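In: test case, fold it:
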Amino acid sequence: VVTQATNRFSEIRKEAGIHLSKSYSGKVPSVSYRFSQEPDYVSHGGRVGISMPVRSRDTTLSGGYGFTYDLVGRHGTSFDSFSESMQLHSVDTSITQVLSPRTLVRLAYTLTVQNGYMEKPYRHVPLFTEQGLAQAATDGVTLDISNFADYSLSTRPAENVPDRRYRHAFSARALHYLPNWDASIKLDYQLYTDSWGVLSNLVESALSHQLTESWMVRGFARIYHQTAADFWEKTYVVSGANQLPRWRTLDKSLTSYLSTTAGGRVEWDSEPYTVYIDAAFMLTNFTDYLYLSSRNAVIAQLGVRWEL
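Out: Alright, predicted model coming up:
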């Protein structure tokens with residue numbers, strides 16, 4: 001929305017899903033399916049998995065395979081006139097170990113392979129010449145969304161990224177119960193890398209406290225940092241309008257940025273009902289993004305859960 005200077009829009013997304021699992025002598029196979037439809041996007045996804053104890057119930061091994069097929073369209077245009085597809089394969093495995101009655105650790109790895117159309121049909125990338133950037137420097141201008149059009153070429157081609165992406169995610173989690181506080185502490189770490197050159201680290205900690213039998217409060221803090229993709233450029237420089245960089249993008253998730261988030265939850269539980277309120281504040285600073293240098297967000301959610 002920001003990158004296309006759109007003030008507002010509205011649309012309806014329909015989504016449905018089903019998940020089935022059954023325990024057999026400690027082994028828990030599962031299967032799930034999800035369908036999602038928007039005016040310009042249709043997605044089908046499924047997963048099969050299994051979880052089982054290893055030697056004892058203190059050690060649990062889990063794994064699964066997922067597949068997603070997405071059909072990408074353009075708003076206001078039929079899928080017959082314009083449509084591209086993207087397939088996603090994922091394989092995940094994890095091991096959970098109970099170290100003591102109060103401590104649990106978990107290690108996990110996920111491999112994701114994406115093939116197909118990973119661009120957004122609405123993103124068009126501005127192009128610059130050395131002369132245009134030199135003029136901006138002479139004028140003492142720091143290029144951003146308010147002025148870049150004065151120094152860029154009129155040509156704005158659609159973005160183009162590689163058709164295949166291999167993604168690796170390694171994660172670790174530790175949970176520990178604090179009996180004196182009637183609380184639990186959680187520590188998470190994730191290392192992510194992919195074939196496009198993105199490298200990220202995520203650290204999160206959370207503390208949950210049971211105030212009474214019905215009331216629980218939780219607070220958390222998260223820090224996330226990533227590097228930019230190999231082909232990312234704040235300004236794509238060409239010698240003329242007839243030249244196009246092979247790879248070009250405006251996807252801000254492919255640039256370098258730092259994001260910090262802090263928030264909490266208040267939950268009231270009285271079987272079979274649970275009512276909760278989530279609130280969080282997020283600060284994000286982009287290192288090298290033409291259209292945006294920072295973004296602050298307040299995220300709030302009110303939920304009611306009914307278990308049959």
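In: what's across from I18 in the sheet?
Out: Beta-bridge pairing for I18 (DSSP bridges): Y33.
In: host element of the closest residue in space to R102 that isn't next to it in sequence?
Out: By the measure of C-beta to C-beta, 6 or more residues apart in numbering, the closest residue to R102 outside its immediate chain neighbours is Y177, 4.2 Å from it. All C-beta spots, glycine's among them, are computed from the backbone N, C-alpha and C. Assigned by DSSP states H and E, Y177 belongs to strand 164-178.
In: that strand pairs with which strands?
Out: Paired strands of strand 164-178, defined by DSSP bridges, are strand 103-116 (antiparallel), strand 183-194 (antiparallel).
In: which among these is found nearest to Y289?
Out: strand 183-194 (18.9 Å; C-beta to C-beta).
In: distance-wise, check the residue nearest to R102 relative to S208.
Out: Relative to S208, Y177 is positioned 10 Å away (C-beta to C-beta, to the nearest Å).
In: between these two, which one's more packed in?
Out: S208 (21 against 15; other C-beta atoms under 10 Å).
In: dig out what the residue nearest to that one when sequence neighbours are not counted forms beta bridges with.
Out: Excluding the flanking residues, the one nearest S208 by C-beta to C-beta, 6+ apart is R218, at 4.3 Å. Assessed by DSSP bridges, R218 has beta-bridge partners S208, R265.
In: counting neighbours, what do you get for R218?
Out: Neighbours of R218 (other C-beta under 10 Å): 19.
In: and it, how far from E267?
Out: 7 Å.
In: these two touch, right, the residue nearest to R102 and L99?
Out: No - counting by C-beta atoms under 8 Å, Y177 stays clear of L99, with 11.6 Å between them.
In: and V198, how many residues sit next to it?
Out: Neighbours of V198 (other C-beta under 10 Å): 20.
In: ok, the closest residue to F128 other than its chain neighbours - how many residues close by?
Out: Among residues not flanking F128 along the chain, T235 sits closest, at 4.7 Å (C-beta to C-beta, 6+ apart). Neighbourhood size, T235 [other C-beta under 10 Å]: 18.
In: contacting residues for T235?
Out: T235 makes contacts with 126, 128, 133, 143, 290, as judged by C-beta atoms under 8 Å, 6 or more residues apart in numbering.
In: can you tell me which of these is closest to T193?
Out: Looking across those and measuring by C-beta to C-beta, the closest to T193 is L290, at 25.0 Å.
In: burial measure for that closest one, as a count.
Out: What L290 shows, counting by other C-beta under 10 Å, is a neighbour count of 22.
In: again, but for S90
Out: Neighbours of S90 (other C-beta under 10 Å): 18.
In: and it, what element?
Out: In this assignment (DSSP H and E), S90 forms part of strand 84-100.
In: run through who's touching that strand.
Out: Under C-beta under 8 Å, 6+ apart, the answer for strand 84-100 is 45, 47, 49, 54, 57-72, 104-119, 121.
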